[in-house]
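> Turn this into a structure:
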Amino acid sequence: MKDIISALEIDHLREHDGYEELLEGIKQSFEKHTLQNGTRLFTTDASGLYDLFLENLPEEARQHYNCHACRHFVNRFGGLVVIDRDTGTQTPIMWDFDVPDFFYNAVSALWKTVKKAKVNGTFVTSEKMLGCPKTGCWEHMSAAMPSYAVYSSPLHTAWQMRAEDAEEHKMLCMALTKYTKDSVREALNILRSGVLYRGDELLGRVEWLYNLYERINQPGVNKRNLLWFASAHAPAGFCHISSGMVGTLLDDIQDGLPLEDVKRRFAEKMNPTQYRRPQAKPAAGNVVQAEKIVERLGIKNSLLRRFARLDEIQTIWKPTPKTEDKSASGVFAGIETKQSKANRSNTSSRIPAVTMTWEKFSRTVLPTAKKIEFSTEDSENLYSAIVTTQDESAPPIIQWDMPDNRCPFNWYVYAGMSTPTQWNLTPHTWVEVTAVTLQPNMWVKNQYKASEAVFFILAGCKDIGYQTCGSALFPEVLKSELHEIRSTIEAYSRNSVLGGYDEASACGIRLQKDNSSLSRWNAKFKVTTETGQTIYRLDRWD
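Numbering: from 1, shown residues only. Below you'll find the predicted structure:
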């Protein structure tokens, strides 16, 4: 028959065996390993942990600690680990502290068991507190989840998110089995060379994949854990290798196709009217599902878009404000000086156009440019408009728009011919550049790897045919949780009209970082500095 002792006697034992230090140590250990925002936790196959804990206590004390609340905590959360991104080494997050002597053997047994257990998934929870801190007068093992790690979504449960993480991991492992490191290296070299049309849109994904190959092939690393870490931290869509454009490129490479065939097939698939664009009308069921998702996310107003204004975009250059010429109305106004004659003789018509890259232009010309003008000659298909949300308080739906770092801007271009006249400009003339800005996804630091481009905003530039162009909500710029209803959203976008046309002042030409033969640059600018004017022709990004 087991000895029966009073609650007062148990309190006396716990006061002297370091139980309070044990509880505090667990909390501190958990906080230490989840301190950095974005840290992902992983589950392991470690089981029977609380029985192991009791077995390693002095026999006479085991019954005193046979607690249902603590048993639940240790068995459910005691096997959690964090993974080192470089080595794949796993660290138990609950048992990493200076343990009181009385509990040393028990905690050491838990540490060793969890340390060698196999990682089998990600840990996702909506609970703010792990375990039950207190029942009545009794305190128990527990740990508070950091706010960033508490999962909250109106679309999916924590269990569904764990299942999605497992599927992402499975797809990544399958792709690594299917494609060789040499194939990925060749794809990376081809993309970096700039010969593939719109290849820069995939460059980030292939760089990520190749760097992963590099890490898992290092001696002494835990390859299995590194793959779990990679899939859990990968940007949305990066693990979908075999089913996306990265997979088709790797397939062509592994099939031994000549480079010209690879380029042609890639260009066909990356056609803006086809790539990531639904090719059929949305099904009735998808429309119903879209209504539910929009309501749950509260993004009805987020779908309302308008043209952006110059005063609300981030710019990297603006014209130098004109200063008043005090001599213009004086007694000797109109008399030509040596300086004015020199400036008049140093006109751009006397100097041939200087051809250079955007990278060099931005580095050497922009800093001293007081005025820039763009030639509408030979400028078809360069025109673009920056758009944004009508309701600034509406939740983010654009990939690079974050609740704590708002950037609700995106853009649109026409796939076919787009002339100066269609954009309210006169052909074969010079138009003043009112600002230079990078593409909106480049305004903020984020994990979304989109294309890179520069916009030259033009005075008076507006899309005359905007009423039939839709609202520019393309699947490739939307957040991943809207992927399943992308066909319905694009159909909605096609039937919508952008607002704010009268105030639109962020339209101009867009030059994309794509050095393939299909990229259309050849943009001509007249730049005024303190020493005169020079014409530049930009032929590529770098």
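
> And the strands in the stretch 51-200 of the chain, which stretches?
With strands called from DSSP state E, counting those that start in this stretch, the stretch 51-200 of the chain shows them at 81-83, 90-92, 119-122, 129-130, 134-135, 138-139, 143-144.

> got the buried residues for stretch 459-469?
The neighbour-count check on stretch 459-469 (16 or more other CB atoms under 10 Å) flags 459, 461-463, 466, 469 as buried. C-beta here means a position set from N, CA and C on the backbone, and glycine is covered the same way.

> where's residue 509, which helix or strand?
Take DSSP states H and E as the rule and residue 509 turns out to sit in strand 507-512.

> Need the contact partners of the next helix or strand after that strand.
Later in the chain than strand 507-512, the nearest helix or strand by DSSP H and E is strand 523-529. By CB atoms under 8 Å, 6 or more residues apart in numbering, the surrounding residues in contact with strand 523-529 are 348, 353, 365, 368-375, 377-379, 382, 430, 433, 456, 509, 511, 533-538.

> Show me this structure divided up by domain.
Split into domains by automatic domain parsing, the chain comes to 7-149, 158-270, 302-322+337-538.

> Quick check: which of the strands of the stretch 51-200 of the chain is buried the most?
Comparing these by mean neighbour count (mean count of other CB atoms under 10 Å), strand 81-83 comes out on top with a mean of 23.

> what packs against it?
Other helices and strands packing on strand 81-83, by 3 or more CB pairs under 8 Å, 6 or more residues apart in numbering; DSSP states H and E, are strand 42-44, strand 90-92, helix 223-233.

> Quick one: closest of the ones you listed to residue 500.
Nearest of these to residue 500, taken as CB to CB: helix 223-233 at 37.8 Å.

> State the mean pLDDT of the next helix or strand after the closest one.
Later in the chain than helix 223-233, the nearest helix or strand by DSSP H and E is helix 245-254. Averaging pLDDT along helix 245-254 gives 96.

> Run the chain-centre distance for helix 245-254.
Relative to the chain's own centre, helix 245-254 is displaced by 23 Å; criterion: CA atoms, centre = their mean, to the nearest Å.

> Show me which residues of that helix are buried.
With the criterion 16+ other CB under 10 Å, helix 245-254 contains buried residues 245-246, 248-250, 252-253.

> For it, give me every contacting residue.
175, 179-180, 183-184, 186-187, 190, 196, 202, 205-206, 209, 241, 261-262, 265-266, 269-270, 275.

> which parts of stretch 61-70 are buried?
Across stretch 61-70, burial judged by 16+ other CB under 10 Å covers 61, 64-65, 67, 69-70.

> Same check on stretch 77-90?
77-83, 88-90.

> just stretch 361-381 next, same as before
Buried residues in stretch 361-381 (16+ other CB under 10 Å): 361-362, 365, 369, 372-376, 379.

> got the CA positions of stretch 143-151 in PDB?
Written as PDB, here are the backbone C-alpha positions of stretch 143-151 (Å, rounded to 0.1, in the frame of the first residue of the first chain):
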ATOM      1  CA  ALA A 143       5.700  27.900 -20.700                       C
ATOM      2  CA  ALA A 144       4.200  31.000 -22.400                       C
ATOM      3  CA  MET A 145       4.200  31.100 -26.200                       C
ATOM      4  CA  PRO A 146       5.700  34.300 -27.700                       C
ATOM      5  CA  SER A 147       3.100  36.300 -29.400                       C
ATOM      6  CA  TYR A 148       4.700  35.900 -32.900                       C
ATOM      7  CA  ALA A 149       4.500  32.100 -32.600                       C
ATOM      8  CA  VAL A 150       0.800  31.900 -31.700                       C
ATOM      9  CA  TYR A 151      -1.000  30.700 -34.900                       C
END
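
> got the angle between the longest strand along the chain and strand 523-529?
Looking across the chain with DSSP state E, the single longest strand is strand 430-438. Interaxial angle, strand 430-438 versus strand 523-529 (axes from the mean of the first three to the mean of the last three CA atoms, to 10 degrees): 90 degrees.

> And strand 430-438, what does it pack against?
Here strand 430-438 touches strand 371-375, strand 453-458, going by 3+ CB pairs under 8 Å, 6+ apart.

> check contacts around the residue nearest to residue 207 when sequence neighbours are not counted.
Nearest non-adjacent residue to residue 207, counting by CB to CB, 6 or more residues apart in numbering: residue 188, 6.4 Å away. Contact analysis of residue 188 by CB under 8 Å, 6+ apart lists 203, 206-207, 210.

> again, but for residue 210
Residue 210 neighbours (CB under 8 Å, 6+ apart): 181, 184-185, 188.

> Of these, which is the nearest to residue 308?
Using CB to CB, these come closest to residue 308 at residue 188, 34.5 Å.

> ok, the residue lying closest to residue 223 once chain neighbours are set aside - contacts?
Once flanking residues are discounted, residue 223 sits nearest to residue 216: 4.6 Å by CB to CB, 6+ apart. Contacts for residue 216 (CB under 8 Å, 6+ apart) come out as 176, 223, 226-227.

> and what of residue 393?
Contacts of residue 393 (CB under 8 Å, 6+ apart): residue 301.

> wait, is it part of a strand?
No. Counting by DSSP: H, G, I helix; E, B strand; the rest coil, residue 393 is not part of a strand but coil.

> now it: how far from residue 492?
20 Å (CB to CB, to the nearest Å).

> now swap in residue 211 and tell me
Applying CB to CB to residue 211 and residue 492 gives a distance of 38 Å.

> Pick out whichever of these two has more residues nearby.
residue 492 (18 against 13; other CB atoms under 10 Å).

> So that one is in contact with residue 473, correct?
Yes. Residue 492 lies in contact with residue 473 (CB atoms under 8 Å); the separation is 7.2 Å.

> list the residues that contact both of these two?
The contact sets of residue 492 and residue 473 overlap at residue 303 (CB under 8 Å, 6+ apart).

> Tabulate the contacts of residue 216 in TSV, adding columns for distance to residue 387, neighbour count and pLDDT.
Output for the contacts of residue 216, formatted as TSV (distance: CB to CB, whole Å; neighbours: other CB atoms under 10 Å; pLDDT from 0 to 100):
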residue	distance to residue 387	neighbour count	pLDDT
176	39	19	97
223	45	12	97
226	40	22	98
227	39	21	98
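
> of all those residues, which comes closest to residue 98?
Looking across the contacts of residue 216 and measuring by CB to CB, the closest to residue 98 is residue 226, at 29.8 Å.

> got a list of what the closest one touches?
Counted by CB under 8 Å, 6+ apart, residue 226 has contacts 83, 85, 87-88, 212, 215-216.

> As CSV, those with pLDDT and distance to residue 417 would be great.
Below are the contacts of residue 226 laid out as CSV (pLDDT from 0 to 100; distance: CB to CB, whole Å):
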residue, pLDDT, distance to residue 417
83, 97, 52
85, 94, 48
87, 96, 54
88, 97, 53
212, 97, 42
215, 96, 46
216, 96, 48
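
> Now, the residues you listed that are in helices?
Among the contacts of residue 226, DSSP state H puts 212, 215-216 in helices.

> Turn the residues you listed into TSV, including distance to residue 135.
Below are those laid out as TSV (distance: CB to CB, whole Å):
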residue	distance to residue 135
212	46
215	45
216	45
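
> Residue 140: how many residues sit nearby?
Quick note: residue 140 (other CB under 10 Å) scores 17 neighbours.

> Name the nearest residue to it, ignoring sequence neighbours.
In space, residue 140 is closest to residue 69, 4.1 Å off (CB to CB, 6+ apart).

> okay but that neighbour is in contact with residue 131, surely?
Yes. With contacts defined as CB under 8 Å, residue 69 counts as touching residue 131 at a distance of 6.8 Å.

> any common contacting residues for the two?
140-141.

> Among the contacts of helix 245-254, name the buried ones.
175, 179, 183-184, 186-187, 190, 196, 202, 205-206, 209, 241, 262, 266, 270.

> Of all the residues you listed, the one with the weakest confidence?
residue 270 (84).

> I'd like to know how far that one sits from residue 260.
Residue 270 is 16 Å from residue 260, by CB to CB.

> follow-up on the earlier one: quick one: closest of the strands of the stretch 51-200 of the chain to residue 498.
With CB to CB, the closest approach to residue 498 among those belongs to strand 119-122: 39.8 Å.
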